[in-house]
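*Asks:* My questions are about this predicted structure, shown below with the sequence.
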Amino acid sequence: MKQKIDKNKLKLAILSMIPDSHSYYIFNEDVSHETRKKFISFLYKQNVIREESENSLFTFIEKNALHTKGHSLSKEISFKDIIKIIEVHSFRQLTDQVNKLANDIHLSIQISNTMFSRLTNESVNTPKKRNTLRLLALWIGYKRSHLISNWNYEILQKLCSMNNLNENSNGVRIAFSLNSRGDVINEKTIRWFKNELISIIKDLKINYASFDGADSFQVNEFTIDLSLAKSAQIDECMPVDYDKTVRDGIAIAHQMAIRWPLSQHINQRKYITIGIASGEFSKLNIHLKSLLHTSLPEDAIIRVTEFTRLCIVTNEIRVNFCSNPVRKSIADGEMITFWWIKSLWCTIYWDFIPILLTEKMLPTTRESFIMFKKSLCIPDQREENIHIALSAIHRYPQNTLLIIEIAKICFFRKMFHVANMIITTLFASNPKHIVARSLRMQIFLNLALEQEHLSVAKIFFQHSINEGLYITENCNIEDEEPWCEFGLVYLGLALRILTIKRKNENGVEDTDFINYENFIKNLKKANRCFQKGLTFSPTGFGLRSSFWLMHSNSLIALFENNKQLFSKDIPIRDLDNIYENVGVNHFKFIGWIDENFDMEFLKQRMDRSIRVYNNSVLLSSFIPNIKFAFATVVFDFNPLLTTGHIKQVLNWLNEAKIAAENLKEFKLGIYSILNCLAQIQAADEFVVYISKMINWINTTLEDDLKKEDHHVIDKTKLQGNKLILLYLEDRVTPGILV
């Protein structure tokens, strides 16, 4: 029989379980709609809320919110001590009482006593664990109402996180500060900011993030903790241990830096600063406060400590830093160096901002694209309120992060001229912006590759080359990316010369341009760019430049050994094992193969490098491409192929297909190298080619795939075919993707 519910105690129990609007947002995420509906109906019938609606419950929470920020906990208290504090005999007894109360108030959530035991030494990182704490807080609010100020849901979660931090004491902490110049940061803005951070964590699928490191920060400041995995928790953590946490920290900061200027809460008097610090959590806050509040240039939105910068560079995470960091004394007298991120290689490595993919921001149909293009290019014909992103460009012409993100989406929708127009606004104030210059270089390359007439293509190729020359002669190059992007221009030009000649296309009569010597000359120019890219990696052999260097070396040798391949329409195959020999030579150069020819060591080094590069890529339009690239490294360059290798290749190709399929609904193209060069390709087209490739492998190696993983493949079965050469002469279909 259900007990009679005390209305006043029920109100306290609800507030203990959902102390504020931030908690309410997470509650909505974790609890099903049907469960919430029944619960809200019960609360309405009990006269706790005025209407039978979610809004009414939210209003009740917001109006009566508990103050939880700044509450300190003794390091001597652990989750195990809760039993004594709330005066119950055991977690088993507590579980029975908690479940009964939940049932009495029509909250259809039940927990097990084993979950309480798990919370004594595990992070609160799943809905089930958070619901366990919610029901505990609910019971405390109803049965031990005098304790809710000290032991509500938020405090309980903080206790669990603190206990976990004692075990996982190292990691990355990101701090955000909402600042104003004479304006008020109101509760509505703070609530939006909190909820947006939660949304970012969800969108990026960073399920190990914690919001509980902000005890000593102000009400307009927020922190997110990313703990190192337990396997990396040793006395002295090395920069390499922070690969995933630093990457995720920058991804979160990047998302918020773009979402803020797109929100309704921004004006010229409000701004944000973001600080990222790495190391032992107990020592990070003083550095973070200094990062947030030190006066730095206006574009210093994302700031990092010296050690964090070292972690970023060591793990080849693609950002560009200021050239003149600032060194200052902080509160405790320590001198620290303030670095800030000037730009991110977001066109290759960092993912899209979800809201920018919607129609209200940027065009997703042919009709709206035409209106958008007219509004952008012919300002006096601009229509009102067509797309928010266009207004944002005009409001914040110096916000380079925002402008690049908007141009990036247009680029991946193959709106190349529009993308170029957007980044033009950036060059007025920042002509040496290396990411914007590289994007323009790729825009011209893609336009060149789409032209049917050689005379027009040559114009775009030359402008693309001019951009590359400007970058290498005037911009501050920090990593391999500009050289790789420039090398791909020469490679694209060389392969376009090849296909025109072999297929006798329009322009073949221009023998001064379409000839073997010009083809090889541009291949070698591409090769020199990739060589220079190697030198900009901390390791001396950048993973991306290594891939393209091996490929260009192989192409040069392939066509120098058999010049007939240039002019005759015969299959382009590697019958002399050139790719394998180039691969062995390069693997020796970078230390993956020694005099003992240890193939297991080669496999381990290759696997690790693939993991490192895979970790650095979050851009959903680039992920299908890197899966294909991994497959080609193993299939085309490996001196020894086994059944296990082929299965892994097929796994990567299937992953590439799945990743490509996911892009269709957003009308985004893929940064594709399927035809041996870099070009934006429609997801549908990419999937067709990958499917053909998978079928070819399954058919050619059908018998081998039935054998044990260690079985060695007879490469003569492949007849000189290489994955990266299979579709070398196939052209990407031109045209925008909306």
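*Replies:* Sure thing, it's come through.

*Asks:* Against Arg247, how distant is Arg440?
*Replies:* 26 Å (CB to CB, to the nearest Å). Heads up, the C-betas are built off the backbone N, CA and C, glycines and all.

*Asks:* What ranges does the stretch 301-450 of the chain have for its helices?
*Replies:* With helices called from DSSP state H, counting those that start in this stretch, the stretch 301-450 of the chain shows them at 306-314, 366-377, 388-395, 400-412, 416-427, 434-450.

*Asks:* Need these in a markdown table (columns: mean neighbour count and distance to Asn585).
*Replies:* Below are the helices of the stretch 301-450 of the chain laid out as a markdown table (neighbours: other CB atoms under 10 Å; distance: least, CB to CB, whole Å):
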| stretch | mean neighbour count | distance to Asn585 |
| --- | --- | --- |
| helix 306-314 | 20 | 27 |
| helix 366-377 | 15 | 48 |
| helix 388-395 | 18 | 48 |
| helix 400-412 | 25 | 35 |
| helix 416-427 | 20 | 38 |
| helix 434-450 | 24 | 29 |
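
*Asks:* TSV for those, including distance to Phe547 and mean pLDDT?
*Replies:* Converted to TSV, those look like this (distance: least, CB to CB, whole Å; pLDDT from 0 to 100):
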stretch	distance to Phe547	mean pLDDT
helix 306-314	20	93
helix 366-377	34	89
helix 388-395	34	87
helix 400-412	21	96
helix 416-427	25	94
helix 434-450	17	97
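
*Asks:* residue ranges with poor pLDDT in this protein?
*Replies:* Scanning the chain for pLDDT under 70 picks out the ranges 1-3, 68-76, 121, 162-168, 212-217, 230-236, 332, 381-385.

*Asks:* and the longest helix along it, which residues are buried?
*Replies:* Taking DSSP state H as the criterion, the chain has its longest helix at helix 481-503. The neighbour-count check on helix 481-503 (16 or more other CB atoms under 10 Å) flags 481-502 as buried.

*Asks:* related to what we said a few turns ago, please tabulate the helices of the stretch 301-450 of the chain in a markdown table, including the columns distance to Thr273.
*Replies:* Formatted as a markdown table, these follow (distance: least, CB to CB, whole Å):
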| stretch | distance to Thr273 |
| --- | --- |
| helix 306-314 | 15 |
| helix 366-377 | 31 |
| helix 388-395 | 20 |
| helix 400-412 | 13 |
| helix 416-427 | 21 |
| helix 434-450 | 21 |
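
*Asks:* ok, the closest residue to Trp345 other than its chain neighbours - contacts?
*Replies:* Distances taken as CB to CB, 6 or more residues apart in numbering put Arg318 closest to Trp345, at 3.8 Å, once the chain neighbours are dropped. If you count contacts by CB atoms under 8 Å, 6 or more residues apart in numbering, Arg318 has them with 344-345, 348-350, 479, 481, 616.

*Asks:* if we can go back for a sec, could you give the angle of the longest helix of the chain to helix 434-450?
*Replies:* The directions of helix 481-503 and helix 434-450 differ by 0 degrees, with axes from the mean of the first three to the mean of the last three CA atoms, to 10 degrees as the criterion.

*Asks:* State the distance from the closest residue to His463 other than its chain neighbours to Lys525.
*Replies:* Using CB to CB, 6+ apart and skipping the chain neighbours, the partner closest in space to His463 is Phe444 (4.6 Å). Distance of Phe444 to Lys525, computed by CB to CB: 16 Å.

*Asks:* same thing with Thr132?
*Replies:* Taking CB to CB, one finds Thr132 at 62 Å from Lys525.
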